[in-house]
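*Asks:* coords below, sequence missing:
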């Protein structure tokens, strides 16, 4: 198919580089420099999509990122990408696009019947229509709505592309490369500032590419070329085209996305598809131009209704005539250049319709010279036609109605400065009566706004404003330079007279085309009391979705102002949150996907364990040995049973290096620990260790661990693996903010030490072969809860603690991490004669449940020390973090569920974690819930399953039989409530 | 210890090596002992403890600022006696002293100026004119906490990250 709408001699596209593409399977050709939208228009395609709710035919309204209608699915397979704006998608060879939200085809969409049902789909219809019966919501209403509404389809496969992240620092960031942005960049760069210039388009120049202008005697396009060539030659300048600044953050930090390879079918090897930039700028000039406003009239969403500035972009930048006969509908002086450009492109201009009672003489003259009919004080009330505009019904002064045939209505309701990023940090835009637009309000001191974004519209004033802003930014960033000369350009006034919507419209008049929100919906919202702009937005969905209301917010606000008879500033303002335009999740994830999502931490014995055939489990960021199968052992339960039995009868070794380890030093170290633990630590003797518990400030248990004292001013504490970082943060907070007067120094040393638990009745015999003489490891010299610094394996500095998690005679032995593997190998070889076994996290867990020790499932952020059976540990002789709030009635309630033990009544039955306890004969309902099972294990020592759980009035229920209901697995088991220590309750085995 | 960094050093990239034979001692001033600590440090090392994020060098020792009133003292281990024990004795009562030689992996990137890739990868301004020889920063790269310092003689950059994160850190370092 030939490009029937391409205009000879116009446009900046490269006609020597034709590019083939398809839309809904039909092949077309465009040129390098086209967007998908311009290439479709060049090929005469006007209908490109169906609307969100009513499935109305939609075309192309804009030529930029504000596009509400022309959303397509781009690419196929794993790269399929929904809701891509055709107006920003850069054309490439082989591009495949599909229209969205239509069934079965774009031209015949059966769901357009929704338009006839519009009373059902009015504002707030979700809330009103689908209320009864409630049970229908999930199975009927929601699936039905999802099929009918919505936009494109995301890819079903994993994204095959890579995404990059980068940081950049600069003195001056200039956002936007139109006349103001380019002048700001030139001024700042010439002053020597490190400069970054970004533009969301693939070509620099902004409106200068879309309008016919003269700057210093050359065309605007030539001036852009020479300016960019100067900037690229400077070493202090980084140019980032195809880059959208999507958010402004604290202290001059910006988020930006660079579309590195969106303009090719497939990125080249190693090339990222997109790059997320983190830019930190000392000073920023926002020069993002403005967005033209549509006017609300009947059928203003028909394909062929287009913003006047977009019409000029298609003509001047892309060399495309977006219609054959046009009506220009405007409330401002800018219409004059639209008429000139249309005429130059060979488009017949049937009428100029201006809402102003008196159109400036110069414009009328220009129009009449071309034989164009001028309607003053008039409006286009309705567009005619279905899938394409076929005419305009014009209502002129005194209510006369005229129908003019046309296939293009170029509409301009004035200009909204693109001030979104100025509001990201809380800035409130100000209403400017003469411009009939919001302009930026108070700005951070490192931000200025220039050009159209600042409400400055003529070319000469944009250049001047940009030069001034760029120079000021460089000076503020510490550069001393003279102001740069401002090139000469025309200073045409652009008078505008506010006009929002046409009362005389007979057809649906859209405020927000993307969300199918009509003027009637806004009226309805007003009648129903949703008058605040925030309520209006939520009730009607106006301003939501991919375009974030760039063409609709101000119109919606103005309409509400009229309805409530208030001024626009009294009605509200428009502010935005990041992102300025959609950013793909891939760009945010960057390389942090799959196994790179988080670091993988390996224990010091990892290589050895791998050699040994260990099965590993991810525990937070750690990869830990779960169990160590021997040849021939195929069932994990068999392995774990053997490991537990070996520990209980002989000796086993487990890598516990993942515990958090912290040195607490200083003359006030004891005092400090007294304040963070519920129990007393200052009385701990040197060479001793003690179990301890910390609370959060709200009185809930935070973590448990041990503290060992090596000198009066030197403690070493451990935390659980899961809470290592949290506890360190908590301690630093306490040290730096709560009690800076204490002489305390904190050192995280988790990675310094390899630490192994050596447990079992034969542990002492094994360790005697590891520790260096003359260390005395006998029970009397080194009793339960002793701690010592010593040397092991002929001179390696180490530490030994007599601590037990398993309930057996046990030690924890530590050496600097570099010697960790050696120590493990030695423990294994020296342990052979004792029948040593390595054991993993499974056996560790089984033994702690057998002993009734609490761990992660019980220390779950909802339990108190008392709930965990550790209430008596809390000292009454001192204050500590969490003490006061732990005594509030809710936490001190004796009926709170507490940790207790459970056995199956039928000893062969299996227990299930998560099962809920119900009185034996009660119904399994939420009202009868008494608590739930937190941890379960098969106990090889006892020969049946054992469990720990949180149970209401736990102690008084010991001996009671309850039902454990597991609705997830559909199992019900009778359990007996028993004390939580299943094994060696007296602790005799610890002290031998 | 972490995997060999050498294997990741490809052609045209700065040479990356891991400092393995280094004793690293974490020094934190005891409360109100800063003046006495400075005097002893000066007479022991011949240089003052840096009060700002800087790294200073003296024969056989490099002292890296590691936070307010905190430093990492790096000394070649060689066949010297117990370096840590000596420091602990020297600063007894003036500073808390902990051996952290195995806590961090330290990588040296030999480069007189930062490569573009390095500058882009860092969340701090590593521009040659901003991050000067002897500067120190405690920051993060690729979601991993690191300390970075530029060698006072401008011959390279040292990165110190927790030992168990060093595999992931090397992944990142291999890409710069």
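*Replies:* Perfect, I can see it now. No experiment lies behind these values; they were computed from the predicted model shown.
*Asks:* how near is residue B:24 to chain A?
*Replies:* Between residue B:24 and chain A the distance is 10 Å, computed by CB to the nearest CB, to the nearest Å. Where C-beta positions appear, they are placed from N, C-alpha and C, glycine not excepted.
*Asks:* residue A:859 against residue A:701, yeah?
*Replies:* Yes. Checked against CB atoms under 8 Å, the pair residue A:859 and residue A:701 is within contact range at 5.6 Å.
*Asks:* tell me which residues in the longest helix along chain B are buried?
*Replies:* Counting by DSSP state H, the longest helix found in chain B is helix B:34-45. Judged by neighbour count using 16 or more other CB atoms under 10 Å in any protein chain shown, the buried positions of helix B:34-45 are B:37, B:40, B:41, B:45.
*Asks:* how's chain B carved up into domains?
*Replies:* Here the domain parsing of chain B from automatic domain parsing is B:8-19+B:103-173, B:22-99.
*Asks:* and chain B, which residues reach chain A?
*Replies:* Of all the residues in chain B, those in contact range of chain A (CB under 8 Å from any CB of the partner chain) are B:1, B:26, B:28-32, B:70, B:96, B:98-104, B:119-123, B:125, B:127, B:130, B:142-144, B:162-165, B:167-168, B:171.
*Asks:* filter those to the buried ones?
*Replies:* For the residues of chain B next to chain A, burial is judged from neighbour counts taken by 16+ other CB under 10 Å, and it is met by B:26, B:28-30, B:70, B:96, B:98-104, B:119-123, B:125, B:142, B:144, B:162-165, B:168, B:171.
*Asks:* what are the ranges of the strands in chain B?
*Replies:* For chain B, the strands defined by DSSP state E occupy B:15-19, B:22-29, B:55-58, B:61-65, B:70-76, B:95-99, B:104-110, B:136-141, B:144-150, B:156-162.
*Asks:* residues in contact with the third one: which ones?
*Replies:* In other words, strand B:55-58. Defining contact as CB atoms under 8 Å, 6 or more residues apart in numbering or on different chains, one finds that strand B:55-58 is touched by B:45-50, B:62-65, B:134-136, B:149-153.
*Asks:* can we see that at 10 Å?
*Replies:* Surrounding strand B:55-58, the residues in contact under the criterion CB atoms under 10 Å, 6 or more residues apart in numbering or on different chains are B:42, B:44-50, B:62-66, B:71-72, B:74, B:133-136, B:147, B:149-153, B:158.
*Asks:* pLDDT added to the buried residues of helix B:34-45, as a markdown table?
*Replies:* Supplementary listing: those in a markdown table, determined by pLDDT from 0 to 100:
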| residue | pLDDT |
| --- | --- |
| B:37 | 97 |
| B:40 | 97 |
| B:41 | 97 |
| B:45 | 95 |
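*Asks:* now do the contacts for residue A:384.
*Replies:* When the contact criterion is CB under 10 Å, 6+ apart, the partners of residue A:384 are A:298-299, A:302, A:304, A:390-393, A:403-406, A:409, A:507.
*Asks:* ok, so of those residues, who is nearest residue B:176?
*Replies:* For residue B:176, the nearest member of the contacts of residue A:384 is residue A:304. The distance, counting by CB to CB, is 52.6 Å.
*Asks:* count the neighbours of that closest one for me.
*Replies:* Neighbourhood size, residue A:304 [other CB atoms under 10 Å in any protein chain shown]: 27.
*Asks:* isn't residue B:59 right next to residue B:44, touching?
*Replies:* No. Using CB atoms under 10 Å, residue B:59 is not in contact with residue B:44, being 11.9 Å away.
*Asks:* weakest of the domains of chain B by average pLDDT?
*Replies:* The stretch with the lowest mean pLDDT among the domains of chain B is domain B:8-19+B:103-173, at a mean of 91.
*Asks:* follow-up on the earlier one: CSV for the strands of chain B, including distance to residue A:413?
*Replies:* Below are the strands of chain B laid out as CSV (distance: least, CB to CB, whole Å):
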stretch, distance to residue A:413
strand B:15-19, 59
strand B:22-29, 65
strand B:55-58, 61
strand B:61-65, 59
strand B:70-76, 62
strand B:95-99, 69
strand B:104-110, 57
strand B:136-141, 48
strand B:144-150, 51
strand B:156-162, 56
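*Asks:* ranking the ones you listed by burial, who's on top?
*Replies:* Compared across the strands of chain B, strand B:95-99 shows the largest average neighbour count, a mean of 26 (mean count of other CB atoms under 10 Å in any protein chain shown).
*Asks:* tell me what that one is packed against?
*Replies:* When contacts are defined as 3 or more CB pairs under 10 Å, 6 or more residues apart in numbering or on different chains; DSSP states H and E, strand B:95-99 sits against strand A:660-665, strand A:714-719, strand A:745-748, strand B:22-29, helix B:34-45, strand B:70-76, helix B:83-90.
*Asks:* now these in JSON lines, with distance to residue A:838?
*Replies:* Supplementary listing: these in JSON lines, determined by distance: least, CB to CB, whole Å:
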{"stretch": "strand A:660-665", "distance to residue A:838": "21"}
{"stretch": "strand A:714-719", "distance to residue A:838": "21"}
{"stretch": "strand A:745-748", "distance to residue A:838": "27"}
{"stretch": "strand B:22-29", "distance to residue A:838": "30"}
{"stretch": "helix B:34-45", "distance to residue A:838": "44"}
{"stretch": "strand B:70-76", "distance to residue A:838": "35"}
{"stretch": "helix B:83-90", "distance to residue A:838": "31"}
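*Asks:* of all these, which one comes closest to residue A:850?
*Replies:* Going through those one by one, with CB to CB as the measure, strand A:714-719 comes closest at 21.4 Å.
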